[in-house]
Structures are given as C-alpha cells and as structure tokens.
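Colleague: from the sequence below, what's the structure:
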Amino acid sequence: MANDNGIPKDLKCVWIISFGCLVFAFPIYSYLAFGLELDRNALADIFATHVAIAYWTGMGAAFLPLPGLKNWSKVERLKYVCLAFMLASYLTHLSWQLLWLVFHETISNSKNEIWAYAWWAYIDGGDVRYYNPEPHFLMIEILSVINGSIGLVGLYFLLKSEFKNILGILLCMSTAVTHTILTWHYYGEEMLTGFESVNISSFNDLWIKFIFLNGPWLVFPWLVLFWGYTLIQKRTSEV
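Modeller: Got it, this is the predicted structure:
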C-alpha cells in the first residue's frame with residue numbers, strides 16, 4: 001500500500017535520536033575523557049558500542065515495527081533504509097575519514113589532545129592501522145572518500161529526479177559495490193595477518209569496535225544494489 005502522508009513522525013524520531021546522539025557523542029565523550037578525566041579505555045568501549053548501535057538503528061530504522069510504518073510496503077521500507085544508509089555512510093566518509101586522511105600524522109602525535117579523541121577512541125584497541133598507516137591502508141581510506149563524493153552526486157541526481165535518473169541510480173549502486181569490496185579488504189587483510197592490529201583478547205575491541213561497528217558496510221550495500229535494481233526495472237518498464 002502506497003504511503004501518501006510523507007515520512008511518519010516515529011520514523012523521524014528514530015532517525016533524530018540515532019543520528020543525533022551519534023553526532024553529539026564525539027564532543028561528549030571527548031569531554032568525559034579529558035574534562036572529567038574518566039578512564040579512557042572504558043570510555044572507548046562505551047563510545048564504540050554507542051556509535052555502532054546508533055549506526056545500525058538509524059540505518060535500519062525503516063525496517064522496525066513502528067506504528068507509523070504499518071501500511072508501508074516492503075519496497076517503501078527498503079527505500080528509506082537505503083537512503084539512511086547512503087546518507088550516513090557518505091557523510092562519514094567526508095567527515096571522520098576525510099579529516100583523518102588530511103591530518104592523520106598530527107592525529108597520531110596527539111593522543112592526549114581532546115580534539116583528537118574522536119579518532120583515538122577507535123585507535124585504542126579498535127585498529128592501530130589508523131595510528132601508523134601503510135600506503136595501501138591510506139589508499140583504502142582515499143577510495144572511501146572518493147566513494148562518498150560519488151555517492152553524494154548520485155544521491156543528488158536521485159532526489160532531484162524523484163528517483164528516476166538512471167545515472168543517479170547507477171552511481172549509488174556503484175558505491176555499494178565499492179563499499180563491499182573495501183570493507184572485505186579491510187576485514188580480510190587483518191584476518192590474514194592474524195589480527196596484528198586488533199586486540200583479539202578483548203571482546204569489545206574485536207567484536208564491537210572492529211566487527212560490529214563496521215558491519216553495516218557489509219550488509220546494507222546489498223540492499224542498495226537490490227533497491228537500485230528495482231528502480232532500473234521500473235524505469236525500463238515505463239519506456
């Protein structure tokens with residue numbers, strides 16, 4: 001059944017709470033670590049769990065059994081899951097990752113600076129490759145930033161054309177492919193080296209920071225590809 005009443009308030013609320021607490025988490029946890037001098041390792045674990053839950057909940061919100069979505073079709077739910085994932089993903093690439101790319105040397109030398117905690121909370125146990133990155137790891141991050149830029153262009157074309165622009169569809173689908181490849185490379189390289197950059201003796205470092213936190217980029221891209229395929233089918237049937 002088609003939804004003619006726009007986006008329900010309860011879905012908007014889930015987005016606002018999920019992504020809002022994600023944005024404000026960075027300054028809040030930085031203040032707790034440096035302003036109140038709470039235990040950094042414990043905070044990093046809580047921070048990573050907080051961010052991971054916010055990502056998964058915000059991105060998958062349209063799949064939740066919300067009252068306002070009871071008349072939404074599976075296709076409508078899929079549409080807004082994909083949009084939430086793409087927008088959150090692209091903005092992450094062009095903020096956290098882009099800033100790290102530009103300032104990674106300074107960040108690595110600023111462990112005890114409050115402004116660098118947004119990255120050090122992840123480096124501490126999550127993945128020390130961000131502390132001393134090799135060229136191939138830098139290339140992964142560069143490609144992620146490029147992918148985010150391409151995705152925003154594709155998303156602009158999609159929204160402007162009310163999801164009818166083929167180029168916009170293909171650009172967004174291409175970013176989904178890149179997400180999957182880069183994430184598998186990110187995971188796979190670490191697995192093949194025996195997790196030399198991740199503290200596997202810690203449940204939080206391995207399963208929360210490394211796997212659960214990065215998991216959306218292995219799951220949601222497949223939904224984007226399927227959704228893009230349905231959009232292309234719809235467009236070709238109209239010709």
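Colleague: residue ranges in this structure under the pLDDT threshold?
Modeller: 1-5, 125, 239 (pLDDT under 70).
Colleague: contacting residues for the spatially most central residue of the chain?
Modeller: In the chain, the centroid-proximal residue (CA atoms, centre = their mean) is Ser89; its distance is 4.0 Å. In this structure, Ser89 makes contact with 148, 151, 175, 179, 216-217, 220, judged by CB atoms under 8 Å, 6 or more residues apart in numbering. Where you see a C-beta, it was placed from the backbone N, CA and C, and this is true even at glycine.
Colleague: try 7 Å
Modeller: 148, 179, 217 (CB atoms under 7 Å, 6 or more residues apart in numbering).
Colleague: and for Ile114?
Modeller: 30, 34.
Colleague: assign the closest residue in space to Ala116 that isn't next to it in sequence to helix, strand or coil.
Modeller: Counting by CB to CB, 6 or more residues apart in numbering, Ala116 lies nearest to Ser110, which is 4.0 Å off, once chain neighbours are set aside. Put simply, Ser110 is coil when judged by DSSP: H, G, I helix; E, B strand; the rest coil.
Colleague: which of the contacts of Ser89 are buried?
Modeller: For the contacts of Ser89, a burial check counting by 16 or more other CB atoms under 10 Å picks out 148, 179, 217.
Colleague: so the last one is in contact with Thr183, correct?
Modeller: I take that to be Trp217. Yes: using CB atoms under 7 Å, Trp217 is in contact with Thr183, at 4.3 Å.
Colleague: and the helix or strand harbouring Trp222, how far from the chain's centre?
Modeller: Using DSSP states H and E, Trp222 sits in helix 216-238. How far helix 216-238 lies from its chain's middle: 18 Å, per CA atoms, centre = their mean, to the nearest Å.
Colleague: may I see the buried residues of it?
Modeller: Quick answer for helix 216-238 (16+ other CB under 10 Å): 216-217, 220-221, 223-225, 227-228, 231.
Colleague: what segments of this protein are helices?
Modeller: Secondary structure of the chain (DSSP state H): helices at 9-34, 40-59, 74-92, 98-108, 117-123, 135-160, 166-192, 203, 216-238.
Colleague: so which elements touch the last one?
Modeller: Using 3 or more CB pairs under 7 Å, 6 or more residues apart in numbering; DSSP states H and E as the contact criterion, the secondary-structure elements in contact with helix 216-238 are helix 40-59, helix 74-92, helix 166-192.
Colleague: one more time with 10 Å, if that's ok
Modeller: Packing partners of helix 216-238 (3 or more CB pairs under 10 Å, 6 or more residues apart in numbering; DSSP states H and E): helix 40-59, helix 74-92, helix 135-160, helix 166-192.
Colleague: and the next element down the chain from the last one?
Modeller: Toward the C-terminal end, the helix or strand that comes next after helix 166-192 (DSSP H and E) is helix 203.
Colleague: centre of the chain to that following helix, how far?
Modeller: 21 Å.
Colleague: contact partners of that helix?
Modeller: 45, 209 (CB atoms under 10 Å, 6 or more residues apart in numbering).
Colleague: re the thing from before, mind putting the helices and strands packed on helix 216-238 into JSON lines with distance to Val128?
Modeller: JSON lines is the format used below for these (distance: least, CB to CB, whole Å):
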{"stretch": "helix 40-59", "distance to Val128": "13"}
{"stretch": "helix 74-92", "distance to Val128": "20"}
{"stretch": "helix 135-160", "distance to Val128": "11"}
{"stretch": "helix 166-192", "distance to Val128": "10"}
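Colleague: so for Phe212, which of those helices sits nearest?
Modeller: helix 40-59 (4.8 Å; CB to CB).
Colleague: got the buried residues for the closest one?
Modeller: In helix 40-59, counting by 16+ other CB under 10 Å, buried: 40, 43-48, 50-59.
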